[in-house]
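K.L.:
curious how this folds, go ahead:
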Amino acid sequence: MTKAEEAAENQRRRARKELELFGPEHSRRPGALTANETWWCQHYVWLKNQGYLLRSRYAPDWVPSWEGTERNPFTCEDGRATRFGQVMDATRVSDGSYVSLKIVKKSRHPHEVEIGQCFMSEPLASHPQNHCVPFLEVLSPPNDEDRQLIVMPLLLPFARPPFDTFGEVMECFRQLFEGLLFMHKNHVAHRDCMWMNIMMDAKDLYVEPYHPVDPQMKRDFSGRVKHYTRTQRAPKYYFIDFGLSRQFDPREANPLEYPIFGGDKTVPEFQNNEDALVNPFPTDVYYIGNLIREQFMDTKLGFDFLKPLVDDMVQNDPNARPTMDVVVERFDSLRQQLSSWKLRSRVIARNEDIFETVYRSATHWKRRIGFIVKRAPAVPRFQE
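P.N.:
Okay, the predicted model is just below:
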């Protein structure tokens, strides 16, 4: 029996097992495999042969750990389904590191792999201002000319766990601004740099590995995982998802493209005429400015000092927006004007209630005094 036939037979056995366990409506039962997970189950053996091990949930011989018990599937490690069908976590067998696998269809996003690999080539790959997610490897699934599989580090959304201090937020903004400027200097417009496409490498933030589907839990689901603050261990932030990105000829002073909507639908120049060509670089400036406005200024207290800069970044006229090199310069000037007291101050959500305020303020001050005694910098700087 060939490996393909063996994999197909394993899948048939698995389907029969699921039918026995969950019945014909198993996709609606708690803990059952979802339609989005089918592809990964079918490629479990192939991925293992490539050096990447999926969680036991996706193995051909998987038996749910709650089978025959009264346990709730959602309290079990293997009962949690992946949120996005095109992205899966795995363990790299060679060194035990945790990675993400992303399916990319060349017919839909023909430039994503090319642009990611561009930033993985030297001298760009080792440049300290490079904040494009590393492409560790690109795999080609068998018998599928359209799909490619990008291997990346396992990352978390950039604001999870929450920021503790203004200094931590300033370091995040510094990295994002320099990272987007780095892309622009290399003539690449991201074209979708909204909040969902900004992540961080949080492995050093956690005392022990977190679960990729529920990062509040330990990887084995034996309890809640503990984490440090960013002041204690500053993470690196990354731009992901280059599906809409484009690299332009350096000789083009004003490259033009038709509007293409990403996750942020509020871009002013896209609202009236979708057939009008626009320069995508000022649109990137809008995206990152609007991220700061919506995720911080509108939802948290104390970020008014950024208003003049952000207002300029989100102007309706794209030609009036500052370029990213100007943004970096102005931001650095603003940051230097902030006192140590401000930078060490707690980030407070506008909707925080009085009980949260009392508890979080007490724990924050305990940490803050400790950092001052230890002379920890008010703005934690990521070190490669």
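K.L.:
what residues does stretch 372-384 touch?
P.N.:
Stretch 372-384 is touched from outside by 128, 165, 167-168, 170-171, 175, 230-236, 335, 340, 343-344, with contacts defined as C-beta atoms under 8 Å, 6 or more residues apart in numbering. Yep, even glycine has a C-beta here, placed from its N, CA and C like the rest.
K.L.:
which of the residues you listed count as buried?
P.N.:
Buried members of these, counted by 16 or more other C-beta atoms under 10 Å: 165, 167-168, 170-171, 175, 230-232, 234-236, 335, 343-344.
K.L.:
nearest to residue 157 among the residues you listed?
P.N.:
Using C-beta to C-beta, residue 235 is the member of the buried ones among the contacts of stretch 372-384 that sits closest to residue 157, with 11.6 Å.
K.L.:
nearest residue to that closest one in space, ignoring adjacent ones along the chain?
P.N.:
The shortest distance from residue 235 to any residue other than its chain neighbours is 4.4 Å, reached at residue 200 (C-beta to C-beta, 6 or more residues apart in numbering).
K.L.:
give me every residue that touches that neighbour.
P.N.:
155, 156, 157, 158, 235, 236, 237, 238 are the contacts of residue 200 under C-beta under 8 Å, 6+ apart.
K.L.:
in its sheet, what does the host helix or strand of it sit against?
P.N.:
Counting by DSSP states H and E, the element that carries residue 200 is strand 198-201. Strands flanking strand 198-201 in the sheet, each with its direction: strand 156-157 (antiparallel), strand 236-239 (antiparallel) (DSSP bridges).
K.L.:
relative to residue 142, which of these is closest?
P.N.:
Relative to residue 142, the nearest member of those by C-beta to C-beta is strand 236-239, separated by 29.5 Å.
K.L.:
give me the local confidence score for residue 300.
P.N.:
Residue 300 is assigned 97 on the pLDDT scale.
K.L.:
I should have written residue 121 there, sorry.
P.N.:
Among the per-residue scores, residue 121 holds a pLDDT of 95.
K.L.:
ok, residue 3 next?
P.N.:
Among the per-residue scores, residue 3 holds a pLDDT of 50.
K.L.:
quick check: residue 160 is in a strand.
P.N.:
No: residue assignment for residue 160, taken from DSSP: H, G, I helix; E, B strand; the rest coil, gives coil, which places it outside any strand.
K.L.:
neighbours of it, how many?
P.N.:
Residue 160 sits with 14 neighbouring residues when counted by other C-beta atoms under 10 Å.
K.L.:
list the contacts for the residue lying closest to residue 221 once chain neighbours are set aside?
P.N.:
Using C-beta to C-beta, 6+ apart and skipping the chain neighbours, the partner closest in space to residue 221 is residue 77 (3.9 Å). Under the criterion of C-beta under 8 Å, 6+ apart, the contact partners of residue 77 comprise 55, 65, 211, 219, 220, 221.
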